[in-house]
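J.: Please find the sequence and the predicted model below.
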Amino acid sequence: MTNDVESWPQLFTEYATAEVLERSGNTVRFRLTMHPDEQGRVWSWVSERTADPATREVVARRVETGPFDHMDIRWTYEDTGRGVAMRWVQDFAMKPDAPIDTEGMTARIDANTAVQMAVIREKVEAAARASASPAGSLAGGTAESRSSS
């Protein structure tokens with residue numbers, strides 16, 4: 001479910017739309033558009049992610065970086081015997097002229113990640129229960145934000 005980009009607006013609470021622009025093998029390029037923020041601004045960008053089914057990892061990056069100098073994300077999936085532990089690590093830095101600095105964005109991402117991880121876990125586990133899968137538990141979710149300069 002977490003690799004089905006088209007369904008992200010139903011999986012994440014922050015995305016209004018996810019439009020796949022191109023697929024090539026295990027790589028997908030897509031545009032994400034968020035719901036309006038507190039000031040009514042709508043943020044949108046193009047990202048690319050490549051899945052490696054053999055290692056159960058996904059490497060992603062923003063193609064249109066916007067206020068970010070860079071934004072790279074590594075997702076890993078580990079079978080724990082009770083389910084799957086999903087982890088994502090975000091490595092990013094903000095541009096000097098961004099409306100928020102790297103420290104401020106780290107705080108925002110950390111706060112929102114906790115919300116998104118809980119929502120994702122609930123939805124994935126509910127889908128697994130509905131399909132009566134024996135490995136129907138997301139054993140845990142963790143995320144890290146690593147800001148770099």
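T.: Structure's in. What do you need? This is a predicted model, so every value here is computed, not measured.
J.: which strands and helices sit next to the longest helix along the chain?
T.: The residue-count maximum for a helix in the chain (DSSP state H) belongs to helix 102-130. If contacts are counted by 3 or more Cβ pairs under 8 Å, 6 or more residues apart in numbering; DSSP states H and E, helix 102-130 sits against helix 8-11, strand 84-94, strand 140-147. Where C-beta positions appear, they are placed from N, C-alpha and C, glycine not excepted.
J.: Return the set of buried residues in that helix.
T.: T102, M105, T106, I109, T113, Q116, M117, I120, R121, K123, V124, A128 (16 or more other Cβ atoms under 10 Å).
J.: Quick one: mean pLDDT for that helix?
T.: Per-residue pLDDT over helix 102-130 has a mean of 93.
J.: same check, this time on stretch 15-29
T.: Rounded mean pLDDT across stretch 15-29 is 98.
J.: got a list of contacts for it?
T.: Contacts to stretch 15-29, defined as Cβ atoms under 8 Å, 6 or more residues apart in numbering, come from residues 5-9, 30-35, 42, 46-53, 63.
J.: and if we set it to 6 Å?
T.: 5-6, 8-9, 30-33, 35, 48-51 (Cβ atoms under 6 Å, 6 or more residues apart in numbering).
J.: from those residues, which ones fall inside strands?
T.: F30, R31, L32, T33, E48, R49, T50, A51 (DSSP state E).
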